[in-house]
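In: this one's sequence-less:
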DNA sequence: GGTCTAATGTGTATTAAGTACATATTTTCA
DNA sequence: TGAAAATATGTACTTAATACACATTAGACC
């Protein structure tokens, strides 16, 4: 039970508001993409003098009348133009001093989107994709948030068919394996990888072959319709 | 980036405050205990008329000057008198309508404590332990929070030496197995269970035997000092 | 069209982990 | 002293994970 629950009077309510409604709530989205055989994350230059020149995740304050999940979907759509993307809450970050302008508790989400999707239009020229590996220091505690989200993603990639969200509709198994390797940060045996993926029934053959590759083309697969995210 | 970061003027800051600082932030603790061969959770009767007679988790609003982790430790200590207990954040719950008195986003934690610990003094007579299985409906979205925390706990019990926190310092393997069975909701084979636990090196033999049991006493074990939570 | 290149596609032996299952032993109680 | 109830323990079987090699194919180039 929280003391907010029974206001004995208007004055009591005001006191409560004065003492407690001093924390702002935000969402921050770790938006993963994949290109150049590297896992990328969508970032923006921080406009705070404290973090001049540093990269920051995409986030916004949660509005009083929207659910926190809605808030993160909103951030995502405003910034990328995409709807219906994979989005998952990871956890809250609530150190008092994490935001220099005041007390802001943030709830971290990660999202997986297909960079090559033609609908993806970055609304802001300051936005850019950066390889996860290249981001050392970030604004706020955003590097910690990114690490936490990446760790969660790694734990889930063989449990749920998540990484397909980062690829175009049709892809060769080599592409998928390189993506797994990029996410996990380790190289995988091709035969064992194919076996491991095969038993999960996440994929469907399209009957098509790769084009414009300088070697024997691989079969193209697509995500199995029934495979749950 | 959040729009809060650069206040162009005092007026702008006031507007921001009026529109955004309307969300209260709370923590709710799923405090697990174990007794009577049943996983228990510490609950209190809701004092809201909307939830009359229903059980509620222990929580409180986060104070402006405390970290969210500190807030949950505070709730735990205020209610149980215990410090240095295992506590882990699970996730935030932020549906707009989850709290009838206003917009309250809560961050859920779970905690594992040893009920038989003599330092445990419930500060409030309305507090009580209830078997997790017996709690059908709860106040707010607390049953959902409990389910989410229980699921997280289940995922971790063979990864980290968590469940020892629910037992007295010395215990027989049977006690441990019954605890695992209670948490997982399924029965386990004794020999396989012992093997699985043995390889983890979480336990140390005390050299003592059970007392006052109506059968051959089992060896008493204690948690291995170096085993990380 | 022949050859080179670079990647695809496939199977098996080995090891590790998980599961199923039965008997002798020890203590208390009557 | 015997019955009851639980402890302690090992092995065969199945499943999952790992390590590893060779024939095949399409494109590029001559």
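Out: Great, that's in hand. Nothing here was measured: the structure is a model prediction, and the numbers come from that model. Residues are numbered from 1 along each chain as shown, chains lettered A, B, ... in the order given.
In: I figured residue A:73 hits residue A:86, correct?
Out: No. Look at residue A:73 against residue A:86 with CB atoms under 8 Å: they stay out of range, at 11.0 Å. Just so you know, the C-beta spots here come from the backbone N, C-alpha and C atoms, and that holds for glycine as well.
In: which of the two has more residues huddled nearby?
Out: It is residue A:73, of residue A:73 and residue A:86, that has more neighbours when counted by other CB atoms under 10 Å in any protein chain shown, with 21 against 16.
In: and that one, how far is that from residue A:89?
Out: Separation of residue A:73 from residue A:89 (CB to CB, to the nearest Å) stands at 11 Å.
In: try residue A:49
Out: Using CB to CB, one obtains 31 Å as the distance from residue A:49 to residue A:89.
In: who has more neighbours, those two?
Out: More neighbours surround residue A:89 than the other of residue A:49 and residue A:89, with 18 against 9 (other CB under 10 Å).
In: ok but the more buried one is inside a helix, no?
Out: No. Under DSSP: H, G, I helix; E, B strand; the rest coil, residue A:89 falls outside any helix and is assigned strand.
In: that one against residue B:93, yeah?
Out: No. Residue A:89 is not in contact with residue B:93 according to CB under 8 Å; the separation is 9.4 Å.
In: can you name the residues bridging to residue A:31?
Out: Beta bridges link residue A:31 to residue A:111 when assigned by DSSP bridges.
In: briefly note if whichever helix in chain A runs longest comes near DNA strand D.
Out: For chain A, the longest helix by residue count, based on DSSP state H, is helix A:142-156. No. On the criterion CB under 7 Å from any atom of the strand, helix A:142-156 is out of touch with DNA strand D, staying 13.4 Å away.
In: pull out the buried residues from stretch A:177-186.
Out: Of the residues in stretch A:177-186, A:177-180, A:182-183 count as buried by neighbour count, 16 or more other CB atoms under 10 Å in any protein chain shown.
In: no wait, stretch A:118-134
Out: For stretch A:118-134, the neighbour count (16+ other CB under 10 Å) marks A:120, A:129, A:132 as buried.
In: could you list the contact residues of chain A toward DNA strand C?
Out: A:172-174, A:190-192, A:194-195, A:213-219.
In: please pick the buried ones from these.
Out: Buried members of the residues of chain A next to DNA strand C, counted by 16+ other CB under 10 Å: A:172-173.
In: show me which pair in the residues of chain A next to DNA strand C is furthest apart.
Out: A:195 and A:214 (27.0 Å; CB to CB).
In: looking at it, residue A:201 is touching residue A:223, isn't it?
Out: No. The criterion here is CB under 8 Å, and residue A:201 misses it with residue A:223 at 10.9 Å.
In: quick one: the helices in chain A, in order.
Out: Counting by DSSP H, chain A has these helices, from start to end: A:10-20, A:68-80, A:142-156, A:173-184, A:190-198.
In: closest one to chain B among those helices?
Out: Ranking those by distance to chain B, with CB to the nearest CB as the measure, places helix A:68-80 first at 3.1 Å.
In: what about that closest one, average pLDDT?
Out: With pLDDT averaged residue by residue, helix A:68-80 scores 96.
In: and it, what does it pack against?
Out: With contacts taken as 3 or more CB pairs under 8 Å, 6 or more residues apart in numbering or on different chains; DSSP states H and E, helix A:68-80 sits against strand A:24-35, strand A:58-61, strand A:86-93, strand A:104-112.
In: that one: which residues count as buried?
Out: Of the residues in helix A:68-80, those scored as buried under the neighbour-count criterion (16+ other CB under 10 Å) are A:68-73, A:75-76, A:79-80.
In: distance to DNA strand D added to those residues, as CSV?
Out: CSV is the format used below for those (distance: CB to the nearest atom of the strand, whole Å):
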residue, distance to DNA strand D
A:68, 34
A:69, 31
A:70, 36
A:71, 36
A:72, 32
A:73, 33
A:75, 35
A:76, 32
A:79, 37
A:80, 34
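In: list just the nearest of those residues to residue A:62.
Out: So of those, ranked by how close each gets to residue A:62 (CB to CB), first place is residue A:71, at 4.4 Å.
In: ok, that closest one touching residue A:27?
Out: Yes. Distance between residue A:71 and residue A:27: 4.7 Å, which falls inside the contact criterion (CB under 8 Å).
In: so what's the residue count around the residue lying closest to residue A:164 once chain neighbours are set aside?
Out: By the measure of CB to CB, 6 or more residues apart in numbering or on different chains, the closest residue to residue A:164 outside its immediate chain neighbours is residue A:223, 4.5 Å from it. Per other CB under 10 Å, the neighbour tally for residue A:223 reads 17.
In: tell me which residues form a beta bridge with residue A:223?
Out: The bridge-partner assignment for residue A:223, based on DSSP bridges, gives residue A:203.
In: got a pLDDT number for it?
Out: What the model reports as pLDDT for residue A:223 is 94.
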